[in-house]
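Enquirer: Sequence and predicted structure are below.
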Amino acid sequence: MPQPAPNARQSAVYLLDQVIGEGRLMSDLIAAGKLDRLDPADRARAQRLANDTLRGIDRADRLLNRHLRKPPPLHVFNILRLGTVELCMGGDAHGVVNDLVGLVGRNKRYGNLKGLVNAVLRKAAEDGARSWNDLRIPRLRKWLRDPLVAAWGAGRVNAMERAHFQGAPLDITPKADAAFWAEKLGGQLLPTGSIRLTDAAQVSTLPGFDTGDWWVQDAAAALPVQILAPQPGEKILDLCAAPGGKTLQLAAAGADVTALDLSHRRMERVTENLSRCGLTANCLTGDALEHDGGPYDAILLDAPCSATGTIRRHPDLPFAKDGSEFGELIALQSAMLAHALTLLKPGGRLVFCTCSLLPDEGECQVDDACAGHPGLTVDRDALDRPGIDPDWTTEEGGLRLRPDHWPDLGGMDGFYIACLRR
Ligand SMILES: C[S@@+](CC[C@H](N)C(=O)[O-])C[C@H]1O[C@@H](n2cnc3c(N)ncnc32)[C@H](O)[C@@H]1O
């Protein structure tokens with residue numbers, strides 16, 4: 001007999017099991033079609049439930065530990081965590097508890113723990129909502145918290161954790177006419193020209209999506225291209241382009257763009273996005289380290305990195321990763337930067353950026369590049385752009401963006417950006 005389609009909660013628990021138990025990233029699971037049996041609304045709900053649970057897991061575990069004598073198997077623990085977070089965030093107690101007890105009851109291995117799940121969730125429903133807001137802001141996992149405290153100090157890391165717990169609004173970059181689109185979409189025009197939507201419905205149903213008048217892009221992620229300041233007709237290389245938010249900005253500015261990425265699947269997203277927005281670029285699939293085109297007037301190197309700046313919107317990252325592969329990424333970034341510099345015209349500019357909170361993937365890369373390339377300079381004037389706070393400038397002349405910046409506007413992704421000239 002065919003299995004009934006899973007519901008959103010069941011799929012959210014599946015995501016939690018895979019992220020926490022198997023170290024898989026949610027974006028990879030979704031790209032692999034793991035939620036394809038759900039309709040779009042349930043798929044979005046499953047992701048939202050899993051994300052909310054991961055953001056609140058520290059608090060959920062504190063509440064659950066009061067009612068558990070020993071930790072149950074991970075799958076059951078994840079059911080309890082998801083239920084606790086939903087209940088404490090105002091979920092309907094009857095619906096949440098019944099659905100999750102039913103889910104354990106149908107499980108061949110853990111069906112005998114149905115009574116435990118029922119009892120614990122009922123207790124969580126009673127005392128959870130009251131205690132929830134008194135619990136400390138969830139902390140990052142130790143493997144990431146320790147190096148961040150060493151780099152930025154405990155106070156700033158606490159502020160970042162507050163921003164992570166709040167999650168992220170939806171930011172968009174308009175192709176043109178930011179004020180018009182901010183009003184049309186009921187969004188807020190941010191100081192740097194992005195538009196922030198706090199109450200976003202399904203993105204593809206919003207006005208301007210089908211006509212390609214804007215694309216989704218965090219306000220911080222929109223800054224590297226603003227700092228590169230592309231001019232019409234300039235020959236510009238976007239070296240790690242997919243899924244293409246920055247390629248779209250470069251093409252919209254009228255530059256002659258070559259967009260390259262290693263991943264064929266991700267490069268397809270770039271061509272789809274360009275075609276939706278009525279923009280063009282020369283799209284290539286290949287290894288940045290082997291690209292020998294050019295020379296270019298300007299290069300954007302948005303290098304692969306730990307992505308630790310995006311935890312507000314990807315709270316699975318600290319659970320799926322443990323930092324063990326970051327050394328390889330750091331070496332790749334520095335090799336890419338050295339190669340990219342060989343593709344630049346004399347006097348040309350290169351913007352190096354990473355969506356990372358770790359100085360090894362930002363400030364240190366630029367320091368090392370300048371030390372290893374006589375004549376290479378950091379262009380501090382390039383950071384003089386509308387909405388960029390001079391306090392965000394770093395010692396070596398780059399820009400350090402953190403999730404706790406703009407606390408009254410809803411934060412921004414963590415990023416490091418520097419404009420180099422040779
Ligand atoms: C941070 S993402 C780029 C995001 C993109 N610039 C945007 O704004 O949408 C890094 C990209 O680097 C690509 N990448 C990783 N290794 C690469 C390599 N050796 N050559 C080219 N691209 C690579 C990844 O496939 C990924 O798409």
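Expert: Right, received. Where do you want to start? Numbering: from 1, shown residues only.

Enquirer: name the helices or strands packed onto the longest strand belonging to the chain?
Expert: When secondary structure is assigned using DSSP state E, the longest strand within the chain turns out to be strand 344-354. Packed against strand 344-354 by the contact rule (3 or more CB pairs under 8 Å, 6 or more residues apart in numbering; DSSP states H and E) you find helix 223-228, strand 296-302, helix 326-342, helix 363-372, strand 415-421. All C-beta spots, glycine's among them, are computed from the backbone N, C-alpha and C.

Enquirer: how about a cut-off of 6 Å?
Expert: Contacting strand 344-354 under the criterion 3 or more CB pairs under 6 Å, 6 or more residues apart in numbering; DSSP states H and E are the following elements: helix 223-228, strand 296-302, strand 415-421.

Enquirer: what helices or strands is the lengthiest helix in the chain leaning on?
Expert: Of all the segments of type helix in the chain, defined by DSSP state H, the longest one is helix 40-65. When contacts are defined as 3+ CB pairs under 6 Å, 6+ apart, helix 40-65 sits against helix 8-16, helix 74-88.

Enquirer: Of all those, which one is nearest the ligand?
Expert: For those, distance to the ligand was read as CB to the nearest ligand atom. The smallest value, 22.1 Å, belongs to helix 8-16.

Enquirer: pLDDT averaged over that closest one - what is it?
Expert: Per-region confidence: helix 8-16 scores 97 on mean pLDDT.

Enquirer: Can you tell me the centre-most residue of the chain?
Expert: residue 310 (3.2 Å; CA atoms, centre = their mean).

Enquirer: average model confidence for the strand or helix carrying residue 121?
Expert: Under the criterion of DSSP states H and E, residue 121 resides in helix 114-132. When pLDDT is averaged along helix 114-132, the result is 89.

Enquirer: and it, what does it pack onto?
Expert: Identification of packing neighbours for helix 114-132 by 3+ CB pairs under 6 Å, 6+ apart yields helix 74-88, helix 93-105.

Enquirer: Need the winner for burial among these.
Expert: When neighbours are counted by mean count of other CB atoms under 10 Å, the highest per-stretch mean among the helices and strands packed on helix 114-132 falls to helix 74-88, a mean of 24.

Enquirer: Show me how far that one is from its chain's centre.
Expert: Put simply, helix 74-88 sits 24 Å off its chain's centre (CA atoms, centre = their mean, to the nearest Å).

Enquirer: Kindly report the same for stretch 78-98.
Expert: 26 Å.

Enquirer: before we move on, what about stretch 63-82?
Expert: A distance of 28 Å separates the centroid of the chain from that of stretch 63-82, by CA atoms, centre = their mean.

Enquirer: do stretch 93-106 as well
Expert: Here stretch 93-106 is found 31 Å from its chain centre; the criterion is CA atoms, centre = their mean.

Enquirer: Output the below-cut-off pLDDT ranges for the stretch 51-200 of the chain.
Expert: 200 (pLDDT under 70).

Enquirer: what residues does it put near the ligand?
Expert: Residues of the stretch 51-200 of the chain found near the ligand, taking CB under 6 Å from any ligand atom as the criterion, are absent altogether.

Enquirer: on that earlier part again, select, out of the helices and strands packed on helix 40-65, the one closest to residue 242.
Expert: helix 8-16 (23.1 Å; CB to CB).
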